[in-house]
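>>> Okay, here's the prediction I keep looking at, along with the sequence it came from:
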Amino acid sequence: MDIKDMRAFYAIVEEGNISHAAQRLDIAQPALSRQMKRLETSLGVQLFERGSRRIRLTDAGRVMYSRVEHILGMVDGTVREITEIGSGIAGSVRLGTITTSGALLLPELISEFHSRYPNVTYQIWEAEGARILELLDNRVIEIGITRTQVDSKVYESIVLPNEPLVLIMNKEQEIGAASDKVELKELKDQPIIIPLRWQSVFIANCRKLGFEPNIVCVSDSIVQDLLLAKMGMGMALLPVSSKTLLTDGNLIYKKLIEPEMSTHTVIAWLKNRTLSSSSEHLIRLFREMFLGEKGV
(Lines give C-alpha, C1' and ligand atoms only; values in the text may rest on other atoms or scores of the structure.)
Protein backbone atom coordinates (compact mmCIF):
# COMPACT_ATOMS: atom_id res chain seq x y z
CA MET A 1 0.00 0.00 0.00
CA ASP A 2 1.43 3.38 -1.00
CA ILE A 3 0.45 7.01 -0.44
CA LYS A 4 -1.64 7.00 -3.61
CA ASP A 5 -3.74 4.11 -2.27
CA MET A 6 -4.13 5.88 1.07
CA ARG A 7 -5.31 9.11 -0.54
CA ALA A 8 -7.79 7.21 -2.70
CA PHE A 9 -9.17 5.25 0.28
CA TYR A 10 -9.38 8.41 2.41
CA ALA A 11 -11.22 10.31 -0.36
CA ILE A 12 -13.81 7.54 -0.72
CA VAL A 13 -14.56 7.53 3.01
CA GLU A 14 -14.71 11.33 3.21
CA GLU A 15 -16.92 11.71 0.14
CA GLY A 16 -19.20 8.83 1.08
CA ASN A 17 -19.20 7.15 -2.33
CA ILE A 18 -16.79 6.19 -5.08
CA SER A 19 -18.33 8.45 -7.72
CA HIS A 20 -17.73 11.66 -5.74
CA ALA A 21 -14.28 10.46 -4.69
CA ALA A 22 -13.34 9.84 -8.31
CA GLN A 23 -14.37 13.38 -9.23
CA ARG A 24 -12.33 14.74 -6.31
CA LEU A 25 -9.28 12.73 -7.36
CA ASP A 26 -9.87 13.48 -11.05
CA ILE A 27 -9.80 9.82 -12.12
CA ALA A 28 -12.38 7.53 -13.72
CA GLN A 29 -14.77 5.77 -11.34
CA PRO A 30 -14.05 2.24 -12.69
CA ALA A 31 -10.31 2.82 -12.25
CA LEU A 32 -10.84 3.88 -8.64
CA SER A 33 -13.03 0.85 -7.97
CA ARG A 34 -10.35 -1.45 -9.36
CA GLN A 35 -7.68 0.29 -7.27
CA MET A 36 -9.67 -0.36 -4.08
CA LYS A 37 -10.33 -3.96 -5.06
CA ARG A 38 -6.59 -4.51 -5.60
CA LEU A 39 -5.91 -2.90 -2.22
CA GLU A 40 -8.36 -5.21 -0.46
CA THR A 41 -6.85 -8.22 -2.24
CA SER A 42 -3.30 -7.24 -1.27
CA LEU A 43 -4.32 -6.71 2.36
CA GLY A 44 -6.45 -9.85 2.47
CA VAL A 45 -9.39 -8.06 4.10
CA GLN A 46 -12.60 -6.37 3.02
CA LEU A 47 -12.56 -2.62 3.73
CA PHE A 48 -16.04 -1.67 2.54
CA GLU A 49 -19.46 -3.23 3.04
CA ARG A 50 -20.98 -3.95 -0.34
CA GLY A 51 -24.59 -3.35 -1.35
CA SER A 52 -25.08 0.04 0.32
CA ARG A 53 -25.71 3.26 -1.61
CA ARG A 54 -23.39 5.07 0.76
CA ILE A 55 -19.96 3.71 1.65
CA ARG A 56 -19.89 1.83 4.95
CA LEU A 57 -16.64 0.61 6.48
CA THR A 58 -16.00 -2.84 7.89
CA ASP A 59 -14.14 -3.18 11.20
CA ALA A 60 -10.91 -3.46 9.21
CA GLY A 61 -11.89 -0.41 7.20
CA ARG A 62 -12.43 1.68 10.35
CA VAL A 63 -8.98 0.74 11.65
CA MET A 64 -7.54 1.55 8.24
CA TYR A 65 -9.27 4.95 8.19
CA SER A 66 -7.89 6.01 11.58
CA ARG A 67 -4.36 4.98 10.59
CA VAL A 68 -4.54 6.60 7.14
CA GLU A 69 -5.83 9.85 8.63
CA HIS A 70 -2.82 9.88 10.97
CA ILE A 71 -0.29 9.02 8.26
CA LEU A 72 -1.62 11.54 5.71
CA GLY A 73 -1.79 14.21 8.41
CA MET A 74 1.90 13.64 9.18
CA VAL A 75 2.89 13.58 5.49
CA ASP A 76 0.96 16.72 4.57
CA GLY A 77 2.04 18.53 7.72
CA THR A 78 5.70 17.71 7.07
CA VAL A 79 5.48 18.92 3.46
CA ARG A 80 3.88 22.19 4.57
CA GLU A 81 6.47 22.76 7.30
CA ILE A 82 9.36 22.22 4.88
CA THR A 83 7.95 24.28 2.00
CA GLU A 84 7.02 27.18 4.27
CA ILE A 85 10.54 27.57 5.66
CA GLY A 86 11.77 30.94 4.50
CA SER A 87 8.66 31.60 2.42
CA GLY A 88 7.15 34.22 4.74
CA ILE A 89 3.63 34.32 6.11
CA ALA A 90 1.63 32.36 3.57
CA GLY A 91 0.30 28.84 3.22
CA SER A 92 -2.71 27.54 5.12
CA VAL A 93 -3.74 27.54 8.78
CA ARG A 94 -5.34 24.24 9.79
CA LEU A 95 -7.32 24.43 12.99
CA GLY A 96 -10.15 22.62 14.73
CA THR A 97 -12.68 24.01 17.14
CA ILE A 98 -15.66 23.06 19.23
CA THR A 99 -18.83 24.86 18.18
CA THR A 100 -19.25 27.26 21.10
CA SER A 101 -15.70 28.61 21.10
CA GLY A 102 -15.41 28.71 17.33
CA ALA A 103 -18.53 30.79 16.85
CA LEU A 104 -17.39 33.32 19.43
CA LEU A 105 -13.65 33.58 18.78
CA LEU A 106 -12.88 32.80 15.18
CA PRO A 107 -14.78 35.42 13.13
CA GLU A 108 -13.02 38.35 14.81
CA LEU A 109 -9.69 36.54 15.04
CA ILE A 110 -9.56 35.38 11.43
CA SER A 111 -10.79 38.72 10.14
CA GLU A 112 -7.94 40.51 11.91
CA PHE A 113 -5.40 37.88 10.86
CA HIS A 114 -6.55 38.08 7.25
CA SER A 115 -6.11 41.86 7.24
CA ARG A 116 -2.50 41.40 8.37
CA TYR A 117 -1.63 38.35 6.28
CA PRO A 118 -3.92 38.27 3.21
CA ASN A 119 -1.99 35.42 1.54
CA VAL A 120 -2.89 32.92 4.25
CA THR A 121 -5.83 30.56 3.66
CA TYR A 122 -7.76 28.56 6.27
CA GLN A 123 -8.96 25.00 6.82
CA ILE A 124 -11.35 24.72 9.78
CA TRP A 125 -12.71 21.54 11.35
CA GLU A 126 -15.64 21.68 13.81
CA ALA A 127 -16.24 18.80 16.23
CA GLU A 128 -16.57 17.93 19.92
CA GLY A 129 -13.54 18.27 22.18
CA ALA A 130 -12.21 14.70 22.09
CA ARG A 131 -12.33 14.66 18.30
CA ILE A 132 -10.45 17.98 18.12
CA LEU A 133 -7.61 16.51 20.21
CA GLU A 134 -7.62 13.39 18.02
CA LEU A 135 -7.21 15.53 14.90
CA LEU A 136 -4.41 17.39 16.66
CA ASP A 137 -2.64 14.16 17.64
CA ASN A 138 -2.94 12.89 14.06
CA ARG A 139 -1.50 16.17 12.70
CA VAL A 140 -4.56 16.77 10.57
CA ILE A 141 -4.74 20.18 12.29
CA GLU A 142 -2.05 22.28 13.95
CA ILE A 143 -4.18 24.24 16.44
CA GLY A 144 -7.12 22.97 18.49
CA ILE A 145 -9.69 25.06 20.35
CA THR A 146 -11.61 23.32 23.12
CA ARG A 147 -13.12 23.90 26.55
CA THR A 148 -11.44 20.92 28.22
CA GLN A 149 -8.15 20.91 30.09
CA VAL A 150 -5.31 19.35 28.10
CA ASP A 151 -2.30 17.30 29.19
CA SER A 152 0.62 19.70 29.64
CA LYS A 153 3.04 16.86 28.90
CA VAL A 154 1.61 16.50 25.40
CA TYR A 155 0.37 19.96 24.46
CA GLU A 156 1.39 23.57 24.65
CA SER A 157 -1.63 25.70 25.42
CA ILE A 158 -3.13 29.10 26.08
CA VAL A 159 -5.94 29.19 28.63
CA LEU A 160 -8.24 32.15 28.21
CA PRO A 161 -9.77 33.76 31.33
CA ASN A 162 -12.85 32.18 32.86
CA GLU A 163 -16.13 33.59 31.66
CA PRO A 164 -19.46 33.21 33.47
CA LEU A 165 -22.46 31.46 31.99
CA VAL A 166 -25.55 33.56 31.35
CA LEU A 167 -29.17 32.91 30.50
CA ILE A 168 -30.31 34.40 27.21
CA MET A 169 -34.06 34.84 26.99
CA ASN A 170 -36.85 36.47 25.07
CA LYS A 171 -37.94 39.74 26.70
CA GLU A 172 -41.51 38.46 26.78
CA GLN A 173 -40.38 35.54 28.95
CA GLU A 174 -38.04 37.46 31.23
CA ILE A 175 -37.58 35.98 34.68
CA GLY A 176 -35.55 36.98 37.73
CA ALA A 177 -36.14 39.66 40.33
CA ALA A 178 -32.93 41.47 39.33
CA SER A 179 -32.38 43.17 35.98
CA ASP A 180 -28.93 41.69 35.34
CA LYS A 181 -28.85 38.31 37.09
CA VAL A 182 -30.90 35.20 37.80
CA GLU A 183 -30.58 32.95 40.82
CA LEU A 184 -30.61 29.26 39.99
CA LYS A 185 -33.61 28.65 42.27
CA GLU A 186 -35.63 31.02 40.07
CA LEU A 187 -35.29 28.56 37.18
CA LYS A 188 -37.55 25.94 38.77
CA ASP A 189 -40.08 24.79 36.15
CA GLN A 190 -38.61 27.18 33.56
CA PRO A 191 -37.75 25.70 30.11
CA ILE A 192 -33.99 25.53 29.62
CA ILE A 193 -31.89 25.11 26.46
CA ILE A 194 -28.38 23.94 27.31
CA PRO A 195 -25.20 22.66 25.62
CA LEU A 196 -24.32 19.07 26.51
CA ARG A 197 -21.06 20.20 28.11
CA TRP A 198 -22.79 21.87 31.05
CA GLN A 199 -25.84 19.66 31.37
CA SER A 200 -24.59 17.35 34.16
CA VAL A 201 -23.22 20.15 36.34
CA PHE A 202 -26.38 22.21 35.84
CA ILE A 203 -28.62 19.28 36.81
CA ALA A 204 -26.46 18.55 39.89
CA ASN A 205 -26.69 22.17 41.04
CA CYS A 206 -30.47 22.18 40.58
CA ARG A 207 -30.83 18.96 42.57
CA LYS A 208 -28.87 20.49 45.44
CA LEU A 209 -31.62 23.11 45.60
CA GLY A 210 -34.30 20.42 45.60
CA PHE A 211 -35.71 20.46 42.07
CA GLU A 212 -35.30 18.80 38.67
CA PRO A 213 -34.60 21.29 35.85
CA ASN A 214 -36.97 21.48 32.90
CA ILE A 215 -34.45 20.93 30.08
CA VAL A 216 -36.36 21.13 26.80
CA CYS A 217 -33.38 20.97 24.46
CA VAL A 218 -29.72 19.93 24.60
CA SER A 219 -27.82 21.58 21.75
CA ASP A 220 -24.17 22.50 21.19
CA SER A 221 -25.04 24.99 18.45
CA ILE A 222 -24.96 28.56 19.75
CA VAL A 223 -26.86 29.88 16.75
CA GLN A 224 -29.55 27.21 17.14
CA ASP A 225 -29.85 27.90 20.88
CA LEU A 226 -30.27 31.63 20.27
CA LEU A 227 -32.91 31.02 17.60
CA LEU A 228 -34.86 28.73 19.93
CA ALA A 229 -34.67 31.34 22.70
CA LYS A 230 -35.86 34.00 20.26
CA MET A 231 -38.86 31.81 19.35
CA GLY A 232 -39.74 31.53 23.04
CA MET A 233 -38.97 27.82 23.44
CA GLY A 234 -36.86 28.45 26.52
CA MET A 235 -33.85 30.22 28.02
CA ALA A 236 -30.43 29.36 26.62
CA LEU A 237 -27.52 28.78 29.01
CA LEU A 238 -24.41 30.04 27.21
CA PRO A 239 -21.04 31.75 27.85
CA VAL A 240 -21.31 35.50 28.42
CA SER A 241 -19.32 36.12 25.25
CA SER A 242 -22.40 34.89 23.37
CA LYS A 243 -23.90 38.34 23.94
CA THR A 244 -21.88 39.56 20.95
CA LEU A 245 -24.24 37.51 18.77
CA LEU A 246 -27.37 39.22 20.12
CA THR A 247 -28.47 41.26 17.14
CA ASP A 248 -32.15 40.81 17.95
CA GLY A 249 -33.56 43.44 20.31
CA ASN A 250 -36.02 40.93 21.73
CA LEU A 251 -33.23 38.90 23.37
CA ILE A 252 -31.63 39.85 26.69
CA TYR A 253 -29.14 38.09 28.94
CA LYS A 254 -28.71 37.73 32.70
CA LYS A 255 -25.83 36.26 34.65
CA LEU A 256 -26.56 32.96 36.44
CA ILE A 257 -25.74 33.10 40.16
CA GLU A 258 -26.24 31.16 43.39
CA PRO A 259 -24.28 29.25 42.29
CA GLU A 260 -22.37 30.92 39.48
CA MET A 261 -21.24 28.67 36.63
CA SER A 262 -18.27 29.50 34.41
CA THR A 263 -16.23 28.09 31.56
CA HIS A 264 -12.94 28.73 29.81
CA THR A 265 -11.43 28.19 26.38
CA VAL A 266 -8.14 26.39 25.71
CA ILE A 267 -6.04 26.87 22.58
CA ALA A 268 -3.70 23.87 22.22
CA TRP A 269 -0.99 22.58 19.91
CA LEU A 270 1.42 19.65 20.08
CA LYS A 271 4.66 19.98 22.00
CA ASN A 272 7.96 19.30 20.26
CA ARG A 273 6.46 20.00 16.86
CA THR A 274 7.48 22.71 14.44
CA LEU A 275 4.43 24.77 13.57
CA SER A 276 3.98 26.43 10.22
CA SER A 277 4.90 30.09 10.20
CA SER A 278 1.26 31.10 9.69
CA SER A 279 0.11 29.04 12.70
CA GLU A 280 2.83 30.53 14.91
CA HIS A 281 1.64 34.01 14.01
CA LEU A 282 -1.99 33.07 14.62
CA ILE A 283 -1.10 31.89 18.13
CA ARG A 284 0.65 35.21 18.76
CA LEU A 285 -2.50 37.00 17.64
CA PHE A 286 -4.53 34.88 20.05
CA ARG A 287 -2.29 36.14 22.86
CA GLU A 288 -2.54 39.73 21.68
CA MET A 289 -6.31 39.86 21.19
CA PHE A 290 -7.50 37.77 24.12
CA LEU A 291 -4.73 38.09 26.71
CA GLY A 292 -3.55 41.62 25.96
CA GLU A 293 0.01 40.48 25.19
CA LYS A 294 1.98 42.43 22.59
CA GLY A 295 4.69 41.45 20.19
CA VAL A 296 2.92 40.02 17.13
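Sure thing, it's come through. Numbering: from 1, shown residues only.

>>> Could you tell me the phi and psi values at the nearest residue to Val216 once chain neighbours are set aside?
In space, and not counting its chain neighbours, Val216 is closest to Pro191: 4.4 Å by Cβ to Cβ, 6 or more residues apart in numbering. No exception for glycine: its C-beta is placed from N, CA and C like everyone else's. Reported as degrees, to the nearest 10, the phi and psi values for Pro191 are phi -70, psi 130.

>>> Identify the residues contacting Pro191.
Taking Cβ atoms under 8 Å, 6 or more residues apart in numbering, we find Pro191 in contact with 214, 216, 233-235.

>>> Go through stretch 8-28 and flag the buried ones.
8-13, 15, 18, 21-22, 25 (16 or more other Cβ atoms under 10 Å).

>>> Out of these, list just those in helices.
8-13, 15, 18, 21-22, 25 (DSSP state H).

>>> Redo the residues you listed as TSV? Include pLDDT and distance to Pro239.
Compiled in TSV, these are given as follows (pLDDT from 0 to 100; distance: Cβ to Cβ, whole Å):
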residue	pLDDT	distance to Pro239
Ala8	92	42
Phe9	92	39
Tyr10	90	35
Ala11	90	37
Ile12	89	38
Val13	88	34
Glu15	85	35
Ile18	86	42
Ala21	88	39
Ala22	90	43
Leu25	89	41
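
>>> ranking the contacts of Pro191 by neighbours, who comes first?
When neighbours are counted by other Cβ atoms under 10 Å, Met235 leads the contacts of Pro191 with 29 neighbours.

>>> Surely that one touches Val166?
No. Taking Cβ atoms under 8 Å as the definition, Met235 is not a contact partner of Val166, at 9.6 Å.

>>> picking up where we left off before, and of the ones in helices among the buried residues of stretch 8-28, the nearest to Ile257?
Distances from Ile257 to these, taken as Cβ to Cβ, are shortest for Val13 (47.3 Å).

>>> my read: that closest one touches Leu57, true?
Yes. Val13 lies in contact with Leu57 (Cβ under 8 Å); the separation is 6.7 Å.
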